[in-house]
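Participant: Fold the following for me, if possible:
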Amino acid sequence: MRVVIAGVAGVGKSTVLDIVSSRSGYTVKNFGTVMLDLAISSNMVSDRDEIRKLPVEKQIELQRSASETLGSMDNIIIDTHMAIKSPNGYLPGLPEWVLRKLNVSSYFLIEADPKEIKKRRDEDPTRHRDNDTIEDIEEHQIVNRQFAISYAVFSGATVNFITNPTGHPEIAAEQIIGRLA
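Facilitator: Numbering: from 1, shown residues only. Predicted structure coming up:
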């Protein structure tokens, strides 16, 4: 079985996924890492944050290749983004050609308070993110919901909205684990 778990940058997805992986037996595969490895090997970028600034055609090419790799694996959680905010607008993280290759059974969208997400981003010196406002983050979470529902209509998979409460990622993780069974 393959499931997708997504959330905006700074929502605490990695922390929640670490807990889910250790308690569920599922292996987490990061879609962006697969894309990054492909992009670096093709000399397109030098770090992850440059991918979303590539021309849309290059991003699509990377998505296609990554989806073929992940679509051949079983019993995985695909860690990705529903919508990618690019200079040209929101790009589907899982366009039709990716959904066909992945063939997932469920989508999970991890969400949190936009103010908390902004705080987490501001305190993270390891990334080079855009300086989004609280309103930008809120908009992105809304767009993510819309994309997740659209993906489910296309693929017939279920959609789950999971709140990651501040300081308690285990609560979000247990909700996900309960729905993986």
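Participant: hmm, who's touching the least confident helix or strand in the chain by mean pLDDT?
Facilitator: Each helix and strand of the chain was given a mean pLDDT (mean pLDDT, DSSP states H and E); the minimum falls on strand 83-86 at a mean of 88. The contact list for strand 83-86 (C-beta atoms under 8 Å, 6 or more residues apart in numbering) reads 52-53, 56, 59, 90-93, 130, 132, 136, 140, 143-144, 146-147. In short, each C-beta sits where N, CA and C put it, glycine included.
Participant: next one: stretch 11-22
Facilitator: The contact list for stretch 11-22 (C-beta under 8 Å, 6+ apart) reads 5-7, 26-28, 77, 79, 110-112, 117, 120, 162, 164, 169-170, 172-173, 176-177, 180.
Participant: Buried ones among the residues you listed?
Facilitator: With burial judged by 16 or more other C-beta atoms under 10 Å, the buried subset of the contacts of stretch 11-22 is 5-7, 26, 28, 77, 79, 110-112, 117, 162, 164, 169-170, 172-173, 176-177, 180.
Participant: In helices only, show me the residues you listed.
Facilitator: Ile117, Pro169, Glu170, Ala172, Ala173, Ile176, Ile177, Leu180 (DSSP state H).
Participant: The residues you listed into JSON lines, with extra columns for pLDDT and distance to Thr158?
Facilitator: Putting those into JSON lines (pLDDT from 0 to 100; distance: C-beta to C-beta, whole Å) gives the following:
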{"residue": "Ile117", "pLDDT": "94", "distance to Thr158": "25"}
{"residue": "Pro169", "pLDDT": "97", "distance to Thr158": "22"}
{"residue": "Glu170", "pLDDT": "97", "distance to Thr158": "22"}
{"residue": "Ala172", "pLDDT": "98", "distance to Thr158": "17"}
{"residue": "Ala173", "pLDDT": "98", "distance to Thr158": "18"}
{"residue": "Ile176", "pLDDT": "97", "distance to Thr158": "12"}
{"residue": "Ile177", "pLDDT": "96", "distance to Thr158": "15"}
{"residue": "Leu180", "pLDDT": "91", "distance to Thr158": "11"}
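Participant: now, the most widely separated pair of those?
Facilitator: Greatest spacing in these, by C-beta to C-beta: Ile117 and Leu180 (24.5 Å).
Participant: So which residues of this protein form strands?
Facilitator: 2-6, 27-30, 76-80, 83-86, 89-92, 106-111, 158-163 (DSSP state E).
Participant: Ser14: neighbouring residues, count only.
Facilitator: The number of residues packed near Ser14 is 12, by other C-beta atoms under 10 Å.
Participant: Could you list the low-confidence segments of the chain?
Facilitator: For the chain, residues meeting the criterion pLDDT under 70 lie at 128-129, 181.
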